[in-house]
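**Student:** I'd like to go over a predicted model; first the sequence, then the structure.
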There are 2 protein chains.
Amino acid sequence: MAVMQISRKIDYALRAVIHLAMRSDERRPSSVAEIAAREGVPKKFLEKIIQDLIHHGLVRSTRGAQGGYTLARAPEMITFKDVIEAIEGPVALNVCVGASSDTHECTMLPHCGMLWVWQEAQKRVMEVFASTTLADVRARTLDVSRVLGGGTRSPGEYAPPSSV
Amino acid sequence: MAVMQISRKIDYALRAVIHLAMRSDERRPSSVAEIAAREGVPKKFLEKIIQDLIHHGLVRSTRGAQGGYTLARAPEMITFKDVIEAIEGPVALNVCVGASSDTHECTMLPHCGMLWVWQEAQKRVMEVFASTTLADVRARTLDVSRVLGGGTRSPGEYAPPSSV
DNA sequence: TTAAATCAGACCTAGTCGATCTGATTAGGG
DNA sequence: CCCTAATCAGATCGACTAGGTCTGATTTAA
């Protein structure tokens, strides 16, 4: 129905890394089971997704018992753009707005007068994604939860870090 | 592959209305066969798409022999947003960013710390689509064709549309 | 009256999205 | 030195939809 939607994969990937960012001061890694339960993501699906994040250098894993995942970089060094492109490759609003500009699918068209519009729109949205880090989201979330008087309805409460 | 792509339908719909905008000074309507051939769009598919545009009041039709389509409004009164929403309904970057704000699919999540990011990104992209009219595209296209392949305009430069 | 056109709806199909199943591998704790 | 907890890898799978077609009815200028 609605157009231009991000995929479930991206949504889940971001929930996962945000989860990790929230716990980046603990030294214990988070298991896929824990993340899936806390963030409301199908466990097996999340497992696949985190693999992508690992292969793109955003997440580190510890195998075996007591294993799990941690961020490979500090939360302020991971942007939405990083995560989105790790999961789905380069963003292209339209087929002709390829990141690799050598694939001109519009060359046969006598006039692709729309190209600049897609480019501009994409530029604007990527500005947001490239400038928003996990640390930003964490800061906002903690801020909001403090204003709202703490987590009232959290199943299995967690202690937010006291200082930022 | 690439994420957040607009659909073929939107691309085709915009090609069609831009085609009509180019010929808005003639009084002869353009047939679907003509538009399809000139814009490189499958004819039968385009027929369906134009029906959507008609039902949303963007295009007017003349039935029977010598019939065809014309814009229902002046090119400077039709924006990309108009066309996009006519074809696919309201834009929502993520499921939780509904235009109808009463459908909160994220309420069960203890913390949807991403919502503001989607909202901000969507706001930015919709600013472009809402402020770009068919007249803007026409003006740019005519300008470019007059210069004839001139790389005079540096990529990234954005000439703000004249009016809303 | 006929040819040129739009209109309406069912229909099709290949691909992808979201997700699961199975099993192999790795490692910590007894 | 096993056993269990965990990640890793690949195949598989159903449902849905994007993209497009087919058929036929209706309208109208010439």
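**Tutor:** Arrived safely, thanks for sending. Numbering: from 1, shown residues only, chains lettered A, B, ... in the order given.

**Student:** how about the longest helix seen in chain A: buried residues?
**Tutor:** Longest helix in chain A, counting residues (DSSP state H): helix A:115-131. Counting neighbours by 16 or more other Cβ atoms under 10 Å in any protein chain shown, one finds that the buried residues in helix A:115-131 are A:115-126, A:128-129. The way it works is simple: take the backbone N, C-alpha and C, and place the C-beta from them, glycine included.

**Student:** likewise stretch A:66-80?
**Tutor:** Neighbour-count burial for stretch A:66-80 [16+ other Cβ under 10 Å]: A:68-72, A:75, A:78-80.

**Student:** What of stretch A:46-60?
**Tutor:** A:46, A:49-50, A:52-53, A:58-59.

**Student:** Averaged pLDDT, it. What do you get?
**Tutor:** Rounded to a whole number, the mean pLDDT of stretch A:46-60 is 98.

**Student:** Run through who's touching that stretch.
**Tutor:** In this structure, residues lying in contact with stretch A:46-60 by Cβ atoms under 8 Å, 6 or more residues apart in numbering or on different chains are A:9, A:12-13, A:16-17, A:20, A:32, A:35-36, A:61, A:69-73, A:78, A:82-83, A:85-87.

**Student:** where does residue A:69 fall, helix, sheet strand or coil?
**Tutor:** Of the three states, residue A:69 takes strand according to DSSP: H, G, I helix; E, B strand; the rest coil.

**Student:** ok, it - contacts?
**Tutor:** Taking Cβ under 8 Å, 6+ apart, we find residue A:69 in contact with A:16, A:20, A:29-32, A:35, A:50, A:54, A:59-62.

**Student:** Swap in 10 Å and give it another go.
**Tutor:** Under the criterion of Cβ atoms under 10 Å, 6 or more residues apart in numbering or on different chains, the contact partners of residue A:69 comprise A:16-17, A:19-20, A:29-32, A:34-35, A:50, A:53-54, A:59-62.

**Student:** now, which of those residues lie within strands?
**Tutor:** Of the contacts of residue A:69, the ones assigned to strands by DSSP state E are A:59-62.

**Student:** Among the residues you listed, which one lies nearest to DNA strand C?
**Tutor:** The shortest separation between DNA strand C and any of the ones in strands among the contacts of residue A:69 is 6.7 Å, and it belongs to residue A:62 (by Cβ to the nearest atom of the strand).

**Student:** The closest residue in space to the closest one that isn't next to it in sequence: neighbour count?
**Tutor:** Of all residues not flanking residue A:62 in the chain, residue A:29 sits nearest, at 5.0 Å (Cβ to Cβ, 6 or more residues apart in numbering or on different chains). Neighbour count of residue A:29, defined by other Cβ atoms under 10 Å in any protein chain shown: 18.

**Student:** go on, residue A:4?
**Tutor:** Applying other Cβ under 10 Å, we find 20 other residues in the vicinity of residue A:4.

**Student:** What does the pLDDT read for the residue nearest to it when sequence neighbours are not counted?
**Tutor:** Nearest non-adjacent residue to residue A:4, counting by Cβ to Cβ, 6+ apart: residue B:4, 5.2 Å away. According to the predicted model, the pLDDT of residue B:4 comes to 85.

**Student:** In three-state terms, how would residue B:4 be classified?
**Tutor:** Reducing the assignment at residue B:4 to three states with three-state DSSP gives coil.

**Student:** give the contact list for it.
**Tutor:** If you count contacts by Cβ under 10 Å, 6+ apart, residue B:4 has them with A:3-7, A:10, A:84, A:88, A:91-93, A:122, A:125, B:93, B:121, B:125.

**Student:** Let me know the distance separating it from DNA strand D.
**Tutor:** Taken as Cβ to the nearest atom of the strand, to the nearest Å, the spacing of residue B:4 relative to DNA strand D amounts to 13 Å.

**Student:** Next: residue A:48.
**Tutor:** On the measure of Cβ to the nearest atom of the strand, residue A:48 and DNA strand D end up 6 Å apart.

**Student:** Which secondary structure element is home to that residue?
**Tutor:** If you go by DSSP states H and E, residue A:48 is part of helix A:43-55.

**Student:** now check that helix, is it near DNA strand C?
**Tutor:** Yes - using Cβ under 7 Å from any atom of the strand, helix A:43-55 reaches DNA strand C at A:43-45, A:47-48.

**Student:** pLDDT score assigned to residue A:149?
**Tutor:** For residue A:149, the model assigns a pLDDT of 54.

**Student:** my read: residue A:136 touches residue A:80, true?
**Tutor:** Yes - counting by Cβ atoms under 10 Å, residue A:136 touches residue A:80, with 9.1 Å between them.
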